[in-house]
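> Sequence and predicted structure below; questions after.
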Amino acid sequence: MKSLMTTLTKPGITQRGKGLAPFLLAAALIPLAFAAQAAPDAKQGAKHAQGEMPAALKARMEERRQAVYEEAGIDEATQKELNTAQKEHYEAMHKLRQEQRERMQDILTDEQKQSLNQAMRDLQSQPQGKQVVPGKGKAAE
């Protein structure tokens with residue numbers, strides 16, 4: 001993380017590159033912020049923040065996927081293969097997100113975690129298209 005910021009803020013990096021650095025950092029930290037916001041007693045929200053899809057959302061996605069398969073005329077055997085591939089992909093991404101969260105927890109101090117969580121809440125509370133550029137104090141364009 002630190003090397004990303006160092007690279008993006010080195011002399012010779014264009015002004016545009018410097019402007020992107022805070023956004024790239026924020027994007028990299030979003031999974032941690034969502035995981036850290038979930039309170040231990042927050043049942044469904046905690047599951048979603050940890051990458052577990054709510055059952056209702058999962059069912060809707062499955063219905064849509066099946067409708068698309070039928071519309072495209074994909075046979076049942078191919079549908080099963082596609083569903084298996086999708087499930088494997090989802091599980092692999094879930095595992096990768098969990099590993100990233102664990103790494104972030106190891107890297108950040110408790111104070112940094114709190115500061116990051118507050119910054120992410122502040123950023124999320126801004127109206128879309130009016131986000132404040134970190135360190136600049138004015139709306140992004």
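Structure's in. What do you need?
> burial count for residue 114?
A count of nearby residues for residue 114, using other C-beta atoms under 10 Å, gives 12. C-beta here means a position set from N, CA and C on the backbone, and glycine is covered the same way.
> Residue 119 too?
A count of neighbours around residue 119, defined by other C-beta under 10 Å, yields 15.
> ranges for the helices of the protein?
2-8, 15-37, 43-49, 55-72, 76-107, 110-125 (DSSP state H).
> which stretch in those has the least confidence?
Here the helices of the chain differ in mean pLDDT, and the lowest is helix 2-8 at a mean of 45.
> Residue ranges of each domain in this protein, please.
1-37+110-141, 53-107 (automatic domain parsing).
> Distance of residue 70 relative to residue 92?
27 Å (C-beta to C-beta, to the nearest Å).
> Identify the residues contacting residue 64.
Counting by C-beta atoms under 8 Å, 6 or more residues apart in numbering, residue 64 touches no other residue.
> And stretch 108-127, what's buried?
For stretch 108-127, burial by neighbour count (16 or more other C-beta atoms under 10 Å) applies to 108, 113, 116, 117, 120, 123.
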